[in-house]
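Student: Predicted model and sequence below, questions to follow.
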Amino acid sequence: MSFPALHIDTVGSQGQDIVLLHGWGVNNQVFSPLQNALHQYRVHYVDLPGFGLSPNIDGDIKQWTQALATQLPQQAIWVGWSLGGLIASQVAIDYPESVAALVTIASSPCFMARESVMTHEKDYSTPSWPGIQPEVLAQFSSQLSRDLSRTVERFLAIQAMGSDNAKSDIQHIKSLVLSKPLPTQQGLAQGLDMLAQVDLRASVTQIQQPWLRIWGKLDGLVPRKIITSLPSRDNIEDMVINKASHAPFISHPEEFLDRLLPWIIKYC
């Protein structure tokens with residue numbers, strides 16, 4: 001199956017390949033603050049389908065991950081934030097040859113609050129899974145067609161909740177994001193559907209690659225308490241940034257990089 005070419009800004013001509021996937025409502029410019037710190041690597045800053053300068057791709061997360069896997073180098077370190085972490089996890093499951101190591105930032109295998117699930121490895125026996133309440137995503141979905149830019153702005157505001165510098169974080173993210181076209185309604189709607197419907201809790205047990213999970217202690221969208229309900233194995237490491245919310249690389253870039261860079265070096 002062929003897909004339209006996604007917009008990917010590749011910076012650097014040598015070193016380990018690193019793929020960066022942004023979250024819902026934004027584009028690859030949200031990772032601009034990391035460029036200097038990653039200069040020694042070959043970094044692929046991806047605009048997800050329908051976001052930034054990338055065209056729409058019909059389908060669901062399976063079509064998106066297939067398009068990404070076919071257009072990016074194999075054996076890369078994949079770093080995904082929020083929705084991007086969900087997509088990177090799906091790539092690691094379905095295309096393990098593409099992913100040498102996985103980093104998820106403020107991301108969950110199941111973003112929506114829902115009932116428990118059982119696997120052979122982990123007993124998700126709690127009465128409910130902590131996540132976004134259905135009415136919150138439903139409200140965003142209903143507002144997409146009425147006021148696209150305001151809906152994206154509200155979502156950005158939620159992503160900075162709990163940060164010591166929430167107002168400046170929001171302005172910083174907005175200035176980066178608005179340097180590119182607003183996402184398409186199709187891309188936004190597909191992304192929201194993934195956040196609402198995709199549940200990888202059972203299948204993330206298949207991830208055998210080194211896996212770093214970075215959390216914001218004050219994150220209101222992806223609560224860190226889900227750590228105890230996720231797989232825990234020798235290939236997995238969790239790091240919590242105490243004063244950060246949902247975008248730790250924006251609100252606490254130095255502490256974020258202090259955690260990320262030594263881990264990357266181990267797997268280059």
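Tutor: Now that the structure is in, tell me what you want to look at.
Student: so residue 90 sits right up against residue 67, yeah?
Tutor: No - contact criterion CB atoms under 8 Å: residue 90 and residue 67 do not qualify, at 11.9 Å. C-beta here means a position set from N, CA and C on the backbone, and glycine is covered the same way.
Student: quick one, strands of the chain?
Tutor: Remark: strands assigned in the chain by DSSP state E are 8-11, 17-21, 42-46, 76-81, 99-105, 211-216, 236-241.
Student: hmm, back to that, more neighbours: which of residue 90 and residue 67?
Tutor: Neighbour count, other CB atoms under 10 Å: between residue 90 and residue 67, residue 90 has more, with 24 against 21.
Student: okay, the strands of the chain in CSV with mean pLDDT next?
Tutor: Listed next are the strands of the chain as CSV, based on pLDDT from 0 to 100:
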stretch, mean pLDDT
strand 8-11, 97
strand 17-21, 98
strand 42-46, 98
strand 76-81, 98
strand 99-105, 98
strand 211-216, 97
strand 236-241, 97
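Student: now for those strands, which one comes closest to residue 156?
Tutor: Closest to residue 156 of the strands of the chain is strand 76-81 (CB to CB; 12.9 Å).
Student: ok and that closest one relative to strand 42-46, angle-wise?
Tutor: Interaxial angle, strand 76-81 versus strand 42-46 (axes from the mean of the first three to the mean of the last three CA atoms, to 10 degrees): 40 degrees.
Student: show me the contacts for the spatially closest residue to residue 238 that is not a sequence neighbour.
Tutor: Excluding the flanking residues, the one nearest residue 238 by CB to CB, 6 or more residues apart in numbering is residue 213, at 4.9 Å. Residues counted as contacts of residue 213 (CB atoms under 8 Å, 6 or more residues apart in numbering) are 103-104, 107, 227, 230, 236-239.
Student: mind listing the helices for the protein?
Tutor: For the chain, the helices defined by DSSP state H occupy 61-71, 83-94, 134-144, 148-159, 166-177, 185-197, 248-251, 253-266.
Student: Tell me which of these sits nearest to residue 17.
Tutor: Closest among the helices of the chain, once you apply CB to CB, is helix 253-266, at 11.4 Å.
Student: so how far is that closest one from its chain's centroid?
Tutor: From the chain centre to the centre of helix 253-266 is a distance of 17 Å (CA atoms, centre = their mean, to the nearest Å).
Student: now swap in stretch 230-249 and tell me
Tutor: For stretch 230-249, the distance to the chain centre is 13 Å (CA atoms, centre = their mean).
Student: distance between the ends of it?
Tutor: 23 Å (CA to CA, to the nearest Å).
Student: ok, the residue lying closest to residue 5 once chain neighbours are set aside - contacts?
Tutor: Of all residues beyond its chain neighbours, the one nearest residue 5 is residue 71 (6.8 Å), with distances taken as CB to CB, 6+ apart. The contact partners of residue 71, by CB under 8 Å, 6+ apart, come to 3, 5-6, 8.
Student: quick one: which of these has the most company?
Tutor: residue 6 (22 neighbours).
Student: list the contacts for it?
Tutor: 46-49, 54-55, 57, 67-68, 71.
Student: Report the buried members of these.
Tutor: Neighbour-count burial (16 or more other CB atoms under 10 Å) applied to the contacts of residue 6 gives 46-49, 54, 57, 67-68.
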